[in-house]
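Chemist: need coordinates for the below:
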Amino acid sequence: MALRDHLLSQDLIYVGGGSMVNLLAVWEAHDIASILSLAWRRGIVLAGQSAGAMCWFEAGITTSSGKPLAAAGLGLLHGSLCRHYNNEPPTGRPTWRLSDGECRAGYGPRDYAGLLWEGE
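Modeler: Numbers count the residues shown, from 1 in each chain. The predicted structure follows:
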């Protein structure tokens, strides 16, 4: 079964943590980003934690290059997500709040909290 068919036959696609920038680069190289966008439009549940949650938004804060920087996500959800908002400097609250407009307004849930969107 092709990867596209496999992903589109799922009820839920979960993405773990790691590097948001690396996740998106690999997805783009293998056309997975467009498959995930199609899965979302078809109503497949997309979930994730840490970098795997930030990827669904327009932007997030990443330390993939060392220094915390704003990075573009897939843009399926409006705004930005700051993972580990209260618990993990230098990528949490201080960096997100001081990003000088690099990140759009968004969400900063505490660790172990969940966010749920239905529709757009």
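Chemist: lowest average confidence, helix or strand, in the chain?
Modeler: Lowest on mean pLDDT, DSSP states H and E among the helices and strands of the chain sits helix 93-97, with a mean of 50.
Chemist: quick one: strands adjacent to the next helix-or-strand element following that one?
Modeler: Taking DSSP states H and E as the definition, the helix or strand that follows helix 93-97 towards the C-terminus is strand 106-107. Sheet pairing of strand 106-107 (DSSP bridges) gives strand 77-81 (parallel).
Chemist: looks like residue 51 contacts residue 23 (just checking).
Modeler: Yes - with contact defined as C-beta atoms under 8 Å, residue 51 counts as touching residue 23 (6.1 Å). (Glycine included, C-beta is placed from N, CA and C.)
Chemist: next, show the common contact partners of those two.
Modeler: Listed as contacting both residue 51 and residue 23 by C-beta atoms under 8 Å, 6 or more residues apart in numbering are residue 15.
Chemist: what about the helices in this protein?
Modeler: If DSSP state H is used as the criterion, the helices of the chain fall at 3-8, 20-29, 32-41, 51-54, 93-97.
Chemist: and residue 73, what does it touch?
Modeler: The neighbourhood of residue 73, defined by C-beta under 8 Å, 6+ apart, consists of 20, 24, 54-60, 80-81.
Chemist: which residue sits closest to it, ignoring its sequence neighbours?
Modeler: Closest residue in space to residue 73, ignoring its immediate chain neighbours: residue 57 at 4.6 Å, by C-beta to C-beta, 6 or more residues apart in numbering.
Chemist: neighbours around the one you found, how many?
Modeler: Counted with other C-beta atoms under 10 Å, the neighbours of residue 57 add up to 23.
Chemist: distance check, it against residue 6.
Modeler: 25 Å (C-beta to C-beta, to the nearest Å).
Chemist: just residue 21 next, same as before
Modeler: From residue 21 to residue 6 the distance is 25 Å (C-beta to C-beta).
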